[in-house]
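Engineer: Provide a 3D model corresponding to the input given below.
(one chain, ligands or ions: 1)
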Amino acid sequence: MEIKKNNAENLKRWQHNRLGMFIHWGLYAMPARHEWVRSHEKMPESNYLKYFENFNPDLYNPGEWAKLAKSAGMKYVVLTTKHHDGFCLWDSKYTDWKSTKTPYGKDLLKPFVEAFRAEGIRVGLYHSLLDWHHPDYTTDRNHPMRDDEAFKAADAKRDMHKYAEYLHHQVAEILTNYGEVDCIFFDFSIKDADGKVLKGREAWNSEELAKLCRKLQPQILINDRLELDEYDWGWDYMTPEQCMLRKTPEKDGVKIPWETCQTFSGAWGYFRDEYTWKSVEQLIKMLVDTVSKGGNLLLNVGPTARGEFDPRAKECLAGMGGWMNKNERSIYGCIEAPEGFERPEDCRLTFNPETNKLYIHVFSWPPTGELYIEGSRVKEIKYAQLLNDGSELKFGARAAWQADKWRESEFGDMISLKLPVRQPGIVPVIELILQ
Ligand code: GLC
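Structural biologist: Numbers count the residues shown, from 1 in each chain. Next comes the predicted model:
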């Protein structure tokens, strides 16, 4: 089976946008101790039911979420329509395990997509392949009931084909009734410790699922968790999670689109007592490092059970927004630096091929007021400025500025930029205009 892709334009825009917001939201916001709480605590669904029976996010206002995302510089969003607990945020006709049957009583997805689109933010959807609620979903190593012998014994009567049908029906719903969807993030194919696939393309009927997505939304981008790696049409982008890549990933010598998803604090769902929050500086470094390797960053927020972003998340978003406000030129539309410019120590380079500008992100501000950049193309540097305030940076051949011989001196393969002694805020950016 061969499927033709028709999503090049969307892929280009998605890569241009570089920064997105991931949102993990569902019943697990109530226990507020990890979205895997059912699995971690091996909790039977009878104990989880209390969350369903009391789910009522009375402060839910997706317009506010969208504004927060926008002011942080995020250009797209990916929302969990269903996580591993199987709970659905939309009014699916294939289950009662959904928001409309809780005390809240309403479809959460419709106002969500409308609010984000109204702010000009592109919409993507996350959909769990795992489902600990569906009666035909068999027990596996992640399942909350994995140690319950009676529950496992009933696996013989469970039919994963029926589950796959349900999965496909639901994906068709979310890709039919909620407008244009830029990307779909399926999660995930299960492997054992030796890499043997336990639930993958067969369990999900992945080939048909990918085909369905491309038929319903030809522009859609599909992530890489359906276990269809060897097919060009089986995925569009790679999704390393909670880790930083050392270099741009490649397949058969060709660079591939990628997006890393990251948390503020370790868990994806709202986790009240988790305190390992990253600082704004760390988050910005994460973004810059990702873009310097040609990737996108999808940064996660786990809203509370009442439907709000928690103050810690708001603080992080505001901090990122402050930085993006001044420095977004070094992020949107940027890729890895071309050959001919070497990355100075403690720095990251990005490059905008359309404007022909090179950006140096200084992770550690030099105490000497001098920063060197080397490479066969440094001669092409015409003008240099700090991005935060547009102030000129003098430069010349090594230490030429000391003798006030700006640009008069012969350029070799190294130039020196004269920086102010005081670091101008976190992760300062130098903009280099090239010939
Ligand atoms: C993992 C986890 C999950 C989270 C996801 C985000 O696969 O199962 O809780 O939704 O990563 O990428």
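Engineer: how far away is the nearest residue to residue 214 once chain neighbours are set aside from residue 324?
Structural biologist: Using CB to CB, 6 or more residues apart in numbering and skipping residues adjacent in sequence, the residue nearest residue 214 is residue 3, 5.6 Å away. Yep, even glycine has a C-beta here, placed from its N, CA and C like the rest. Distance from residue 3 to residue 324, counting by CB to CB, to the nearest Å: 37 Å.
Engineer: contacting residues for residue 126?
Structural biologist: Residues in contact with residue 126 (CB atoms under 8 Å, 6 or more residues apart in numbering) are 22, 24, 78, 79, 80, 81, 83, 184, 185, 186, 187.
Engineer: enumerate the positions of stretch 181-196 that are buried.
Structural biologist: For stretch 181-196, the neighbour count (16 or more other CB atoms under 10 Å) marks 181, 182, 183, 184, 185, 186, 187, 188, 189, 190 as buried.
Engineer: just give the closest residue to the second one, not the sequence neighbours.
Structural biologist: If the residues on either side of it in the chain are set aside, residue 182 comes closest to residue 122, at 4.6 Å by CB to CB, 6+ apart.
Engineer: ok, the one you found - contacts?
Structural biologist: 13, 14, 17, 75, 76, 77, 116, 182.
Engineer: from those residues, list the buried ones, please.
Structural biologist: Burial by neighbour count, judged by 16+ other CB under 10 Å, picks out 14, 17, 75, 76, 77, 116, 182 from the contacts of residue 122.
Engineer: so the fourth one is in contact with residue 120, correct?
Structural biologist: Spelled out, that is residue 76. No. Shown here, residue 76 and residue 120 do not form a contact pair, counting by CB atoms under 8 Å, at 10.1 Å.
Engineer: for the ligand, what are the nearby residues on the stretch 151-300 of the chain?
Structural biologist: 187, 188, 241, 261, 268 (CB under 6 Å from any ligand atom).
Engineer: restricted to strands, list those.
Structural biologist: The strands in this structure, assigned by DSSP state E, contain 187, 261 from these.
Engineer: just send the residues of the stretch 151-300 of the chain next to the ligand back as JSON lines, with pLDDT too.
Structural biologist: Shown next, in JSON lines, are these (pLDDT from 0 to 100):
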{"residue": "187", "pLDDT": "98"}
{"residue": "188", "pLDDT": "98"}
{"residue": "241", "pLDDT": "94"}
{"residue": "261", "pLDDT": "98"}
{"residue": "268", "pLDDT": "98"}
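Engineer: circling back: from the buried ones among the contacts of residue 122, which is closest to residue 250?
Structural biologist: residue 14 (18.9 Å; CB to CB).
Engineer: could you point out which element follows the worst-scoring helix or strand of the chain on mean pLDDT?
Structural biologist: The weakest-scoring helix or strand in the chain, judged by mean pLDDT, DSSP states H and E, is strand 395-397 (a mean of 83). As assigned by DSSP states H and E, the chain's next helix or strand after strand 395-397 is strand 414-418.
Engineer: between the very next helix or strand once past that following strand and strand 414-418, how big is the angle?
Structural biologist: The element immediately downstream of strand 414-418 (helix or strand, assigned by DSSP H and E) is strand 429-434. Orientation check (axes from the mean of the first three to the mean of the last three CA atoms, to 10 degrees): strand 429-434 against strand 414-418 gives 130 degrees.
Engineer: what packs against strand 429-434?
Structural biologist: Helices and strands touching strand 429-434, as assessed by 3 or more CB pairs under 8 Å, 6 or more residues apart in numbering; DSSP states H and E, comprise strand 357-362, strand 381-386.
Engineer: how about those strands, which one is nearest residue 133?
Structural biologist: With CB to CB as the criterion, residue 133 lies closest to strand 357-362 of the helices and strands packed on strand 429-434, at 44.5 Å.
Engineer: same for that closest one, what does it pack against?
Structural biologist: strand 347-352, strand 370-374, strand 429-434.
Engineer: out of these, which gets nearest to the ligand?
Structural biologist: strand 347-352 (23.8 Å; CB to the nearest ligand atom).
Engineer: touching that closest one from outside, list them.
Structural biologist: 285, 288-289, 291-292, 329-331, 333-338, 341, 343, 357-363, 371.
Engineer: and the angle from that strand to strand 370-374?
Structural biologist: Using the same axes, to 10 degrees, the inter-axis angle of strand 347-352 relative to strand 370-374 is 60 degrees.
Engineer: residue ranges in the stretch 301-435 of the chain under the pLDDT threshold?
Structural biologist: Judged against pLDDT under 70, the low-scoring parts of the stretch 301-435 of the chain cover residues 398-412.
Engineer: which of the helices or strands spans the residue most central in space within the chain?
Structural biologist: In the chain, the residue lying closest to the centroid (CA atoms, centre = their mean) is residue 298, at 1.7 Å. Assigned by DSSP H and E, residue 298 belongs to strand 296-301.
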